[in-house]
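A.B. asks: I'd like to go over a predicted model; first the sequence, then the structure.
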Amino acid sequence: MPDSHQPTFLLASRESALLEAMEPVLNEAGARVVIVLSAQAALHAITAPQPPSLFLLDAKLPDMETGQLLMEARASAGGHRIPIVLLADEVNAQQNAWLAEGLLDDLIPRAADSPHWRLRLDMALRTWRRMREVERLREASALNAQLDNLTGVYNRGTLLSMLFRETDRAQRLKNSLCLLLFDIDDFGHWNSRLGCDVCDDLLCQVVERTTRLLRSYDLLGRAGKDEFLVALPGCDNTNAVLLAERLRADVFSAPFHVAGEAIRLSACFGIASSEGRAPVVVLREAEQALHTAKDAGPESIHYFSNGASIQASPVAFLSPNSGDELLAW
């Protein structure tokens, strides 16, 4: 498998003399060289999962309308801005126009000597590296805008946006979709007693434990300061309640260790089923179910229903012989 950090230069030419002259220069630049003999093969390489870092195009490539190929190459590359360098005998007005339009990034005379080629290729390689860094920063920025800064799970806005997509999918495939909302009991007490930094650590541990119990396609987001929302595609209300019971037992029954203390947390859970309705409506029902659960007392689970409701009894606290001197509230 090619090194992902090594640039790949795509050279499209059928002239053996040019290939023999160029390949050592490309190899000296530290690039992996891929040679293709037709315009169609060049387009196929550009649209591959790992496109080249630089496209070197021989203006004498047979059966090629250069302008059309350049436009198709730009369009086919999608979000990847691949530098394109044309190797030509002479510079004409049309090629200058392609440079001005951004279809070309550089022109290198075919008759240039090796040092000149090397200099121009180094410039193209630096351009590729700058563009790659810009793309990386742009992707990181977009991802950070979707995530909660503290816990690394989706923020409320992003999760709501994704719920519209999941609702559409559930309607199309006629699958079930449930929302599970849980809130840590009396978390304000722990903030006052332990401080914000310790409680931030507690929230991160809650997320880590919760993530272990979820499937790869479940969605977990932070809906409030100490409130989290889980979207469960393909999960009916009974299985959602079973998951809530598991979260209550596996996430919250075991003590959390922070600042040299063993902390006992608990949470309440509210569940609502999508049934193809708007995510905002279903989320409101999950919030109502959560409020009902909190009114019932710590560690309660409530499923929203206009008819009979599904509730689960609280689990017992850890026994005194668990080995931890627990701080509990």
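C.D. replies: Happy to help now that I have it.
A.B. asks: residue ranges in the stretch 201-329 of the chain under the pLDDT threshold?
C.D. replies: Low-confidence segments of the stretch 201-329 of the chain, defined by pLDDT under 70: 306-329.
A.B. asks: recalculate using a threshold of 90.
C.D. replies: Of all residues in the stretch 201-329 of the chain, those with pLDDT under 90 make up the ranges 253, 259-261, 263, 275-276, 278, 280, 305-329.
A.B. asks: could you chop the protein up by domain?
C.D. replies: Per automatic domain parsing, the structural domains of the chain span 8-143, 154-327.
A.B. asks: any chance of JSON lines for the ones you listed, columns mean neighbour count?
C.D. replies: Any C-beta I mention is one placed from the backbone N, CA and C, and that applies to glycine too. Output for the domains of the chain, formatted as JSON lines (neighbours: other CB atoms under 10 Å):
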{"stretch": "domain 8-143", "mean neighbour count": "16"}
{"stretch": "domain 154-327", "mean neighbour count": "17"}
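A.B. asks: ok, residues contacting stretch 194-209?
C.D. replies: 150-153, 184, 187, 190-191, 220, 222, 226, 228, 250-252, 254, 256, 258-259, 261, 263, 265 (CB atoms under 8 Å, 6 or more residues apart in numbering).
A.B. asks: 10 Å - rerun?
C.D. replies: Applying CB atoms under 10 Å, 6 or more residues apart in numbering, the external contacts of stretch 194-209 come out as 148, 150-153, 182, 184, 187-188, 190-193, 220, 222, 225-226, 228, 247, 250-252, 254, 256-259, 261, 263, 265, 267, 327.
A.B. asks: how about the helices in the stretch 101-250 of the chain?
C.D. replies: All helices of the stretch 101-250 of the chain, identified by DSSP state H, counting those that start in this stretch, fall at 114-146, 156-173, 187-194, 196-213, 237-246.
A.B. asks: out of those helices, flag the one nearest Pro83.
C.D. replies: Between Pro83 and the helices of the stretch 101-250 of the chain, the shortest gap by CB to CB is with helix 114-146, which sits at 5.1 Å.
A.B. asks: so for that closest one, mean pLDDT?
C.D. replies: The average pLDDT for helix 114-146 rounds to 69.
A.B. asks: quick one: closest of the helices of the stretch 101-250 of the chain to Ala75.
C.D. replies: Across the helices of the stretch 101-250 of the chain, Ala75 has its closest neighbour in helix 114-146 (17.3 Å, CB to CB).
A.B. asks: next one: stretch 120-130 to chain centre, how far?
C.D. replies: Its chain's C-alpha centre and that of stretch 120-130 lie 28 Å apart, by CA atoms, centre = their mean, to the nearest Å.
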